[in-house]
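Engineer: Sequence and predicted structure, then a few things I'm wondering about:
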Amino acid sequence: MVAQQPLRVVRCGGSKLSGARAAFSADAKYLLCASGDYVKVYSTATEECVHILQGHTNLVTGIQLNPQNHMQLYSCSLDGTIKLWDFTDGILIKTFVVGYKLFAFYTLAGSEDSVFIIIPKKNEDSLDSFQLVSVKLPKTPDQEVEAKELSLILDDIGQSPKCTAFGREGEYVASVRGLHLLVYFFKKKKVNRFPLSATSRKGANNYFTCVACHPKEDCIASGHKDGKIRLWRNFNHKREYTFSTLHWHHDVVMDLAFSVEGTSLLSGGVESVLVQWRDGSDCKKEFLPRLGSTIEHISASPDGTFYCTSHTENKITIIHSNLSVSAVIQGLVKGSDVKTGLVVDPRTKALVLNGKPGHLQFYCLQTDKQLYNLDIVQQEYIHQIGLNQVDLVKVAFSAQGSWLATVEQREEKETELELQMKLWNYDEQTQSFTLNTRINNPHEDHVTALCFRDTDELEDGTPTLVTAGNDGRFKVWVLVDDSDSEKQSMGWSCDFVGSYHNYPATNCCFSEDGSLLAVSFEETVTVWNSDTWDLICTFCHPPGRIQNLCFGRLSCSKYLLGTTDNGFLCCWNLLSCALEWSAQLNVMVLQPDSLSENIAAVSRLLEGSDLFVFKPNEPRPFCIQRNVCRERVQWAVFIPRDVPESIGSEKHQWLSRSQLYFLTETQDLLTFSTKSTEERLTPSSKQLAVEESLPMTPFYLLLGKHRHQQRSKENADLGTAVVQSHLAQDSPAIKELLHTPAHVLPSASFLCSIFINSMLISKENKSAGEVVDEVEMDSEKAEDESDEDLELTEMEQDINPTEFLGEITQTKLSKSQEKQLRKIRRMDYSWVAAL
Amino acid sequence: MGEFQVHRVRFFAYVPAGIRCVAHSPRSARLALARTDGALEVYNFAANYFQEKGIPGHETRSTEALCWAAGDRLFGAGLGGDISEYDLEKLRVKYSLDGFGGPIWSMAADPSGTQLAVGCEDGSVKLFQVLPDKIQFERSLDRQKGRVMSLSWHPSGTRIAVGSIDLLRVFDVKSGHAIQRILVDRRLQGLYSRECVVWSVAFLSDGTIVSSDSVGKVQFWDAEKGTLLETHPVSSSAVLCLAVSEEEDSIVVGTSEGAVYQFQLLPVKWGSAESKWVRTKPFQHHTHDVRAVAHSATALISGGLDAQLVIRPLMEKVHGKGYDAALRKFTFPHRRLVSCAKKAGLLLFQFPQHLELWRLGATNSAGKDGDILPVSRAPEHLLQLKSKGPEHICCSCISLCGSWIAYSTASRLHLHRVHLENGSVSVKRVSKVPKLLCSAHQLLCSADSTRLFVASDQGAVHVLKLLEPGGCGHLQTLRPNSGSAEAVYLLAASADGDWLAAAGGDWEINIYSLRHFKPHCTVPAYNCAVTALAIHPVTNNLVITHSDQQVFEFSIPDREYTTWSRKVQQHGLHKGWLERDMPITHITFNPKQPAHILLHDTHMFCILDKSLPLPDDATPLMNQTSLKQLSEKARRGHAHAFKICKKYQPLLFVDLLEEGSLVVVERPLMDIKTQLPPPVQQKKFGT
């Protein structure tokens, strides 16, 4: 590892998938979509991300297949470049530097060497005048070429890529802006402008929102703000143009797309219903409802088998042409406001935060995938402006993740507040949380904080939860056995109510061993004994409302830290009951690391947020990172790493075991990295995973073998450097097994031997495996279970177990595998003989 | 503009009859329209859609189909089973002929106009030959089962497409055999209906048949092969009528939901011959069934049971923002239905079957501009005169003193003497009305109530002498020198009883001297229909308005246009005035302000002040509200001749009473709608 890399703030995934229209590959096997600065290649069959095309330095605004070569992809970005990719291999082929901010990108099959882009007028940032220009792409063999031959086509058009569309065989281009439809005819070089009146008596809102062109006929479809779709025909005549109207949407038509043959038109909007209009007729329409959230973009695959819709909740739905959902690619759902903060699920190490309205999302940051959604509110979300819905505001997990507490509230007016606290138990069998207790109005006012006591170390520990409320009370809830003769059940009930001069309780937290509870009341911090619920002592040294409160950990567990709203960070020693030190720092977020003594504090001065990492026993921070972002940081969280990263720099050692993520006001999820961009490319993205799904042709056999050799060589090179954490999962055999749809898999008996072989660790790798063995224990344990299941199923196939075992014992086995085998041996397979 | 005490009359409970069918004649640019009460109206498109002629309705006559044939001859047929020809000069039915096939549902003339095909209840299609003075039964095509709801000739005249119940047939005219029988689907999008009535068919020259049916679809068929080409679901209820443009590139259909749709034949790609029918524009101007549609070169015309005739221009076909480019809706006839006895304060309302006499209310309080005054004496319904027989009333009048009421049906004239004595009303019918008068097209009493002018056929005006206590005698018949064949439809008499002006269907205005009972002169011919006439009580100038919104003033003593009229023609009228879409239907004067002319149409009334300068196109025509905010001095500088009031709508009649108060008769459209049956239930989003 390279030492002394500066600490950099990087976006860590979870970026918007619905920023631009997604594109399908020619055979509809891959879906390409812009995601932040990257282009992601997803498999349409498995929903897996196959490649991440990295290279742009700003938001990617448009992607389109190269019409000359269907294995290539153009992408354009706000950084002023157009890049040509080989998306099957994830290789950047060429970069064209245009030098303007590019807002949209279009290619035409007819024009080989020029493409069309939307750029701001005079390259200034006035956000209201844009122009469509064509760019001649020079045919030089260089990697990076300048494309400066621009020629203006349409002036003063809309910025959005949805507002411009190219017509049949590139004969014309249609663009909408405000109340005008502009059509430019390339052959005649003339522009026809069709205005609409702003409003009519019936309250129509005729503003254009999007446009699409029929691929085979001379027909333009335009979407409008009042939900109408107009089909324009005969628009080559200035006067005798005509249009028909389709009206189903009740609100803005967000996007339109024609199917490949143009027989049907797709439209979508806030109703989150995909509407398919057949033959442009008002009466022949079909619906796909309940897609979750507002449809932002629609695209159709070139072979006509799929449509895909991008949604505001950062989701892409792949829809079969018979209007059934075939796959869902879910990114990190970004609502308007993350009220729950960033929480780590101790069980899965996933990031937990508000997802869809009323839901809790579990998001895996390593794979950049949503694990699952937990419906907390369990009420249908009604899309309506001004309607106050029940909102999820607080979330807490118990230390081992077996309990989850959620608080939801609905505030109609100042006086009417509906509060509900729910406690969820993790069910091992269903692998999900089930509702255990529902408590209506746990407090008379807003719940400000809740936390579990980490009781798992204590023998007698009953699960305990503390909630603090604005009504001046904190309540202790414990799990009690309220089972009767008929049914055995456990429920939560209130055990203790504490208050301090009726000040509103603002924060609460338990010390690491669970023996002390600290609750802050306005300007006072109170410390309570968690066994007897007696007030032990109070701290109120600096005048100022307490905003954050936390105990130190491990060796620093005798310290209690608090921040005030007038800019002080205080550290109290619990043994001496005195202020140890204080610092003037306007702390926004105070976040302890659960694996170390480190505490991160994000402060904000006039502009820009600064990060301080310190240990409570020392008032001097060991790491200061100035200006991590311009906006206010709302939440931060330490997420434990699966594998500790070896970090050369002493200064950044705090990042080795857990990673700090933080969320800004603009809902950007950011993190710190010590590596350079190239290194952050994960090995998986370098793999040629595509090959595995290619059909077996003679050409493939020739080429594939060659590639395979190459790769194994590469692997050997990397073998020493890359920590092979998931050896088993890296194996191509398992990958193939897991990634291939079940219906095309060969019979299990055929796969068995390959699969078993892949489980074996070859001699060369063994040393590397042992090095990380100890740290891996955790993850391996989890794997154990699933592996066992798999093997069990295989046993049911007609395989002689003894023969099978005999084969395996020939090679040297790792500890864990030996353990497994022993387990298998212990099992009773006599029933196989009965078959 | 002057202040008036306004009698705002809303008790004229007139409900116009629904429109049953229309026939458009592109050659003469006229539209014939039949109403459900059997009345017939002819609109002239060249004269700004003015209702040129009207034939009153008849109790037993119900017209189901109209067609123009052999030039400008108009034929109608109805459920009575008769085929009639209308005499458009004498404004009556010329003759009727029984079709002997039961009720007639449809009728169409062949492209050459020499044959009429008639579809009957018994399933037969009969051909009639159009002879110069009559029609003659020629033969029947093969009789089939099921009533013939609709038929259409192929432009070559060799085939007829016939729409029946659940069926479409194609007949060969020569042999009379059905050569194609097409079943029409009763189903639309999975919904079955009991039967499928083919309400309307059209045979296009390329052999395509277009049909519209009660299931709600418009279908295109290949007549040669009998196959379905295209189906367009249009409505969830019936599609009642369709019409094709002359170029056959556009179709208009009307549905029972009150919507009108246009279909256009559009090329699929530029430069390729392939084209397809696309439903383009929907229009929802009617609240009830659209029973009749027509397609002129520049407009879609639809008429519905809500009695509205809607002319919706096709913006791409009209050039410039002129008169043609405006959407117009006609609900009321372009005729005077109200007459006013100024001296007695009485109003006479004309209904199809009866007359109503009302006394206006009165008030004894005064107020400021805009105040609503309390009524001290409520308006009083004095009299209802029922006409006998099945014929409807075509015109009526009351003398200025209120003692004579005259009305006429298609066949005879009725005259009544009314005695109004302190509250009690007695009416006596004048029995001996001279026999020579078979019908009247317009009636007018002289200012001194001694003479009755009866407008008659061939440009003649009969003058009757009204005798006390209740009698009349024929005095004279005035005939124009030119020998016109058209009936007179407008009359105006001077206040001093010396002059009478009469306008006929050929738009010629003759002025007669009543002193000598001979023609005095003729107003120079102007090529547009006359909509209103009046003679100024002081100056004896004849004021004429035309349907193209021109206003002329003709001095009768000098036999020439007045200088003001010449000035108006030189200067030109304001653009806003010329683009109004309703004709002026009544003119009156203010004796105290000789320079004022009071005009009104359905949407406004206007005081034309001859002493003020004419506005040019830059100044707004409607400037009453802005003028009010100016100071007295500035107001004078900005004032112009047209003072327009749009407060009262829709306006049927405006007249100035003796004591300087204005009577305004309104008929709110909402009141008419409440009289109609409930419309087809439609689901509206958000309700």
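Structural biologist: Nice, thanks for sending it over.

Engineer: in the stretch 201-350 of chain B, which segments are predicted with low confidence?
Structural biologist: B:320-324 (pLDDT under 70).

Engineer: residues in it within reach of chain A, list them.
Structural biologist: Counting by CB under 8 Å from any CB of the partner chain, the stretch 201-350 of chain B comes close to chain A at B:232-234, B:264, B:266-270, B:278-282, B:315-317. Where you see a C-beta, it was placed from the backbone N, CA and C, and this is true even at glycine.

Engineer: Tell me the confidence at residue A:784?
Structural biologist: pLDDT recorded at residue A:784 is 46.

Engineer: gap between the closest residue to residue B:394 other than its chain neighbours and residue A:448?
Structural biologist: Nearest residue to residue B:394 in three dimensions, chain neighbours excluded: residue B:56, at 4.0 Å (CB to CB, 6 or more residues apart in numbering or on different chains). Counting by CB to CB, to the nearest Å, the gap between residue B:56 and residue A:448 amounts to 85 Å.

Engineer: same deal with residue A:295?
Structural biologist: 37 Å.

Engineer: where in the stretch 451-600 of chain A is pLDDT low?
Structural biologist: The stretch 451-600 of chain A contains residues with pLDDT under 70 at A:455-461, A:485, A:541-542.

Engineer: which residue does it bring closest to chain B?
Structural biologist: Relative to chain B, the nearest point of the stretch 451-600 of chain A is residue A:470 (39.9 Å; CB to the nearest CB).

Engineer: pretty sure that residue contacts residue A:448?
Structural biologist: Yes. The criterion here is CB atoms under 8 Å, and residue A:470 meets it with residue A:448 at 5.9 Å.

Engineer: higher neighbour count, the two?
Structural biologist: residue A:448 (21 against 16; other CB atoms under 10 Å in any protein chain shown).

Engineer: quick one: the residue of the stretch 451-600 of chain B found nearest chain A from residue B:400, how far?
Structural biologist: With CB to the nearest CB, the shortest gap between the stretch 451-600 of chain B and chain A falls at residue B:581, namely 17.0 Å. Distance, residue B:581 to residue B:400, using CB to CB: 32 Å.

Engineer: of the two, who's got more company?
Structural biologist: Between residue B:581 and residue B:400, counted using other CB under 10 Å, the more crowded position is residue B:400 (21 against 17).

Engineer: Please identify which helix or strand holds that one.
Structural biologist: Using DSSP states H and E, residue B:400 sits in no helix or strand.

Engineer: swap in residue B:647?
Structural biologist: If you go by DSSP H and E, residue B:647 is not part of any helix or strand.

Engineer: gap between it and residue B:666?
Structural biologist: In terms of CB to CB, residue B:647 sits 10 Å off from residue B:666.

Engineer: Between the two, which is the more surrounded one?
Structural biologist: Neighbours per residue, other CB under 10 Å: of residue B:647 and residue B:666, the larger number sits with residue B:666, 18 against 13.

Engineer: list the contacts for the more buried one?
Structural biologist: By CB atoms under 8 Å, 6 or more residues apart in numbering or on different chains, residue B:666 lies in contact with B:8-10, B:12, B:648-652.

Engineer: In the stretch 501-650 of chain B, what residue comes closest to chain A?
Structural biologist: Counting by CB to the nearest CB, the stretch 501-650 of chain B gets nearest chain A through residue B:649, at 16.1 Å.

Engineer: Put the alpha carbons of the longest helix anywhere in chain B into CSV.
Structural biologist: For chain B, the helix that runs over the most residues, judged by DSSP state H, is helix B:563-571. Listed next in CSV are the C-alpha coordinates belonging to helix B:563-571 (Å, rounded to 0.1, in the frame of the first residue of the first chain):
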residue,chain,number,x,y,z
THR,B,563,-73.1,62.3,-45.5
TRP,B,564,-72.6,60.5,-42.2
SER,B,565,-73.1,57.2,-43.9
ARG,B,566,-70.5,58.2,-46.6
LYS,B,567,-68.1,59.2,-43.9
VAL,B,568,-68.5,55.9,-42.2
GLN,B,569,-67.8,54.0,-45.4
GLN,B,570,-64.8,56.2,-46.1
HIS,B,571,-63.4,55.9,-42.6
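
Engineer: who does that helix touch, helix- and strand-wise?
Structural biologist: In terms of contacts (3 or more CB pairs under 8 Å, 6 or more residues apart in numbering or on different chains; DSSP states H and E), helix B:563-571 is packed against strand B:551-555.

Engineer: angle of the strand it packs on against helix B:563-571?
Structural biologist: 150 degrees (axes from the mean of the first three to the mean of the last three CA atoms, to 10 degrees).

Engineer: For strand B:551-555, the averaged confidence score.
Structural biologist: Strand B:551-555 shows a mean pLDDT of 94.

Engineer: Quick check: can you name the pairing partners of it and their directions?
Structural biologist: strand B:541-546 (antiparallel), strand B:560-561 (antiparallel) (DSSP bridges).

Engineer: Redo those as TSV? Include mean pLDDT.
Structural biologist: Formatted as TSV, these follow (pLDDT from 0 to 100):
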stretch	mean pLDDT
strand B:541-546	94
strand B:560-561	92
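
Engineer: nearest to residue A:480, of those?
Structural biologist: Closest of the strands paired with strand B:551-555 to residue A:480 is strand B:541-546, at 95.9 Å (criterion: CB to CB).

Engineer: which other residues reach the closest one?
Structural biologist: By CB under 8 Å, 6+ apart, strand B:541-546 touches B:47, B:492, B:499, B:501, B:503, B:509, B:511, B:523, B:526, B:528-536, B:551-556, B:562, B:583-584, B:587, B:597, B:599.

Engineer: Can I get that strand in PDB, CA atoms only?
Structural biologist: Presented in PDB, the C-alpha positions along strand B:541-546 are these (Å, rounded to 0.1, in the frame of the first residue of the first chain):
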ATOM      1  CA  ASN B 541     -83.400  58.500 -42.500                       C
ATOM      2  CA  LEU B 542     -83.500  54.800 -43.000                       C
ATOM      3  CA  VAL B 543     -80.800  52.900 -41.000                       C
ATOM      4  CA  ILE B 544     -79.800  49.600 -42.400                       C
ATOM      5  CA  THR B 545     -77.500  47.000 -40.900                       C
ATOM      6  CA  HIS B 546     -76.100  44.100 -42.900                       C
END
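
Engineer: Please tell me how far that strand is from the chain's geometric centre.
Structural biologist: Distance of strand B:541-546 from its chain centroid, counting by CA atoms, centre = their mean, to the nearest Å, is 21 Å.

Engineer: Give me the buried positions along it.
Structural biologist: By 16 or more other CB atoms under 10 Å in any protein chain shown, the buried positions in strand B:541-546 come out as B:541-546.

Engineer: Same question for stretch A:598-609.
Structural biologist: Buried, per 16+ other CB under 10 Å, within stretch A:598-609: A:598-604, A:609.

Engineer: out of those residues, which are inside strands?
Structural biologist: Per DSSP state E, strands hold the following members of these: A:599-604, A:609.

Engineer: can you list the weak-confidence ranges in the stretch 1-150 of chain B?
Structural biologist: Using pLDDT under 70, the stretch 1-150 of chain B drops low at B:1-2.
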